[in-house]
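Trainee: this one's sequence-less:
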């Protein structure tokens, strides 16, 4: 599961990484939480004449996927993640997997190791970032939900997969990472049916991320500064037999 992530790079770096023509300025965000706006990249209009950039555009969606057929969001769970193994066939995500695959720029994500009560160990938060820095692209889905009064909101979810060897001792799930050479195939919903891109929804190589133990400042959505990514000493020992749970108590959606 991915319950928090960060995007602390510049708009120019995002434009270069994702082949965008333009992108409005945005602040560094160190603690992005569910129900908040997130930046996503999807297929867009035709490229400008003479440009070698692909037809992509970036826009904001609410983090918390809402299928179009939901009548009352108060009666539907907040879907911040979608399991890649079942998203192709699951009713909530099936249409988006076929028609609305996206990329979610990030500079890393947070995960929590939750030990068993019997172990006597404390919970430990980790800042998980690309080992060599830079931007990572999470695979995601987007859907536009319309209320009875005609108002609309774009909503999104991060696809997850089984954790790789480096993350498994902290949590059993991790975000799907789409590598740059696969951006076009992932975003091409016209010719690339979901099963044709299923091979992209796999754990990233073990040496891609590094996990940095951090303080519990990240637990509170009100803490949004760089101090939440400062490493701490003596992290809790990971128990590979325990499947931890992410923090609860996130903001309500509507």
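Mentor: Good, I have the coordinates. The shown structure was predicted, so the numbers you read here are calculated from the model rather than taken from an experiment. Numbering: from 1, shown residues only.

Trainee: all contacts plus neighbour counts: C-alpha atoms, from now on.
Mentor: OK.

Trainee: pull out the buried positions in stretch 191-199.
Mentor: Neighbour counts using 16 or more other CA atoms under 10 Å place 193-194, 197 of stretch 191-199 among the buried residues.

Trainee: measure that stretch end to end?
Mentor: Taking CA to CA, to the nearest Å, stretch 191-199 runs 16 Å from one end to the other.

Trainee: and it, what's its mean pLDDT?
Mentor: Mean pLDDT, stretch 191-199: 97.

Trainee: for residue 193, see how far away the spatially most central residue of the chain is.
Mentor: Taking CA atoms, centre = their mean, the centroid of the chain lies closest to residue 158, which sits 4.0 Å from it. Using CA to CA, residue 158 is found at 19 Å from residue 193.

Trainee: how near is residue 158 to residue 24?
Mentor: 22 Å.

Trainee: now swap in residue 160 and tell me
Mentor: Applying CA to CA to residue 160 and residue 24 gives a distance of 28 Å.

Trainee: who has more neighbours, the two?
Mentor: With neighbours defined as other CA atoms under 10 Å, residue 160 and residue 24 compare such that residue 160 has more, 25 against 8.

Trainee: which one is the more buried one nearest to, not counting chain neighbours?
Mentor: Nearest residue to residue 160, sequence neighbours excluded (CA to CA, 6 or more residues apart in numbering): residue 175, at 4.2 Å.

Trainee: go on, residue 40?
Mentor: Once flanking residues are discounted, residue 40 sits nearest to residue 104: 4.7 Å by CA to CA, 6+ apart.

Trainee: just give the number of residues close to the one you found.
Mentor: Neighbour count for residue 104, taken as other CA under 10 Å: 24.
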